[in-house]
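Undergrad: what would the 3D arrangement of this be:
(4 chains)
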Number of protein chains: 2
Amino acid sequence: MRYKPGHNAERRQALLQTSGRVVKQNGFAATGVDALTQAAGVTSGAFYTHFASKAELLKALIESESQASRQRWDGDPQLSDDEWIATTLARYLHPDHVHHPESGCVLPALTAEIARADQDTRQVFEDGLRQVTAALSQRLGSDERAWAFLSQVVGAVLIARALPNEASQRQVLQASQQFIRQALAAAG
Amino acid sequence: MRYKPGHNAERRQALLQTSGRVVKQNGFAATGVDALTQAAGVTSGAFYTHFASKAELLKALIESESQASRQRWDGDPQLSDDEWIATTLARYLHPDHVHHPESGCVLPALTAEIARADQDTRQVFEDGLRQVTAALSQRLGSDERAWAFLSQVVGAVLIARALPNEASQRQVLQASQQFIRQALAAAG
DNA sequence: GTCTATAGATGGATAGAC
DNA sequence: GTCTATCCATCTATAGAC
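TA: The predicted structure is shown next:
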């Protein structure tokens, strides 16, 4: 055979990773199939060997990005809960995360567009997200806190990214971090 | 003259209101100029009498929507701070707000796309947003709390909208509301 | 000021060569 | 499996009639 075994799966994986970066950076609707494949060094013709449509790519992206996020949220298992919270907040609510959506969490970048996708795509989103909140819940003590924690940090990064200067961005990130600490302290 | 005085300003205002609904519903990049103007009962040719480009519309939309949001956030001035917080949370974190982005806050719907706009547009965003946070700060006691409060509710509605079923959506809304109460209680 | 018509570019997706 | 070439629809924006 002309291609080594697993070539197909590898290429699909590469497409998911590179197009994930492009889409988080520029948005899903705003990005053409040409731009998606160009980042992986192939042309649009090759795209349709791996995905039935652009909409199918979004579903696959949500799965792929959820898995990546889940691993980032897990973090170092040796940390105490308090240490884990501190390092997680410091990393998620960091200016680097604001400046580099392409390598960051999928949620601030794509959730608004996922909200406009079909029911099937949103189900994939929920499945992926529940893995994240399950991990979060382990550290925070309840699902309720996990959802609220997630909402807070996603909202903060989302808003920070739309602000035009670094000072304002930091103001949001700092405020968010402080707020979370107070809420967690309040409930013991 | 064939048109009554103020016709131009009125029509522009009408375009802002109707296109605001369409854009919050379907996204800015995903909506063509035809769809924007169709909602106002005119054709795309008329659009360019009022706006130099589609990008200019986004800036005008951010101004317009910020003003509308600011008024909604203000609420009834006769309420006590606690009452104001309760009614504001109940309205913003309500399933109706999740189901109807077209008549809701601009932030969960468009912030991700604003984050990808040029510096000028994002400056307009900051100016509008600071009016909102100033009003919020009056009620909550500090700018810091205002930013965090806003991040929390925006993140919650954003995520809820992407979830496929009502039960999950309510879970996020409820968790966020509870979290905010705890954070505010913690700081007195 | 708004319309129809259209230019010019780009969108998603497919066909056939290799 | 990937390429080039292309179809057809849609996009932003403009021109000219009314």
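
Undergrad: going by C-alpha atoms from here, please, whenever you check contacts or count neighbours.
TA: Will do.

Undergrad: ok and the residue in chain A nearest DNA strand C?
TA: The minimum distance from chain A to DNA strand C, using C-alpha to the nearest atom of the strand, falls at A:Gly32 (2.9 Å).

Undergrad: what is the neighbour count of that residue?
TA: Neighbours of A:Gly32 under the rule other C-alpha atoms under 10 Å in any protein chain shown: 14.

Undergrad: kindly report the same for A:Ser66.
TA: A:Ser66: 24 neighbours (other C-alpha under 10 Å).

Undergrad: what pLDDT does the model give the residue nearest in space to the middle of chain A?
TA: With distances taken as C-alpha atoms, centre = their mean, A:Val106 lies nearest the centre of chain A, 2.0 Å away. With respect to pLDDT, A:Val106 scores 98.

Undergrad: what separates it from chain B, distance-wise?
TA: Going from A:Val106 to chain B by C-alpha to the nearest C-alpha, to the nearest Å gives 11 Å.

Undergrad: same deal with A:Ala90?
TA: Distance from A:Ala90 to chain B, counting by C-alpha to the nearest C-alpha: 16 Å.

Undergrad: same check on A:Thr37?
TA: To chain B, A:Thr37 is 20 Å away according to C-alpha to the nearest C-alpha.

Undergrad: what about that residue, how many residues nearby?
TA: Residues lying near A:Thr37 (other C-alpha under 10 Å) number 21.

Undergrad: now whichever strand or helix holds it: average pLDDT?
TA: Assigned by DSSP states H and E, A:Thr37 belongs to helix A:33-38. The average pLDDT for helix A:33-38 rounds to 97.

Undergrad: quick one, what contacts the residue nearest to the centre of chain A?
TA: Listed by C-alpha atoms under 8 Å, 6 or more residues apart in numbering or on different chains, the contact partners of A:Val106 are A:Lys24, A:Ile62, A:Glu65, A:Ser66, A:Ser69.

Undergrad: can you tell me the SS state at A:Ile30?
TA: Slight slip there: residue A:30 is Ala, not Ile. coil (DSSP: H, G, I helix; E, B strand; the rest coil).

Undergrad: run a quick neighbour tally on it.
TA: For A:Ala30, the neighbour count with other C-alpha under 10 Å is 12.

Undergrad: which ones are touching it?
TA: Taking C-alpha under 8 Å, 6+ apart, we find A:Ala30 in contact with B:Ala29, B:Ala30.

Undergrad: one more: the one 3 residues further on?
TA: The neighbourhood of A:Val33, defined by C-alpha under 8 Å, 6+ apart, consists of A:Ser44, A:Phe47, A:Lys54.

Undergrad: what about the residue nearest to the first one when sequence neighbours are not counted, neighbour count?
TA: Spatially, and ignoring its direct neighbours in sequence, A:Ser44 is nearest to A:Asp34 (5.1 Å; C-alpha to C-alpha, 6 or more residues apart in numbering or on different chains). Other residues near A:Asp34 number 13, with proximity taken as other C-alpha under 10 Å.

Undergrad: swap in A:Asp96?
TA: Neighbour number of A:Asp96 under other C-alpha under 10 Å is 12.

Undergrad: and it, what element?
TA: Using DSSP H and E, the element containing A:Asp96 is helix A:95-99.

Undergrad: now that helix: buried residues?
TA: By 16 or more other C-alpha atoms under 10 Å in any protein chain shown, the buried positions in helix A:95-99 come out as A:Pro95, A:His97, A:Val98, A:His99.

Undergrad: near chain B, anything from stretch A:79-87?
TA: No: shown here: stretch A:79-87 not in contact with chain B (C-alpha under 8 Å from any C-alpha of the partner chain), separated by at least 15.9 Å.

Undergrad: which parts of chain A sit against DNA strand D?
TA: Counting by C-alpha under 7 Å from any atom of the strand, chain A comes close to DNA strand D at A:3, A:7-8, A:11, A:41-47, A:49-50.

Undergrad: are any of these buried, and if so which?
TA: The buried subset of these - by 16+ other C-alpha under 10 Å - is A:Arg11, A:Phe47, A:His50.

Undergrad: out of these, which are inside helices?
TA: Filtering those for membership in helices, criterion DSSP state H, returns A:Arg11, A:Phe47, A:His50.
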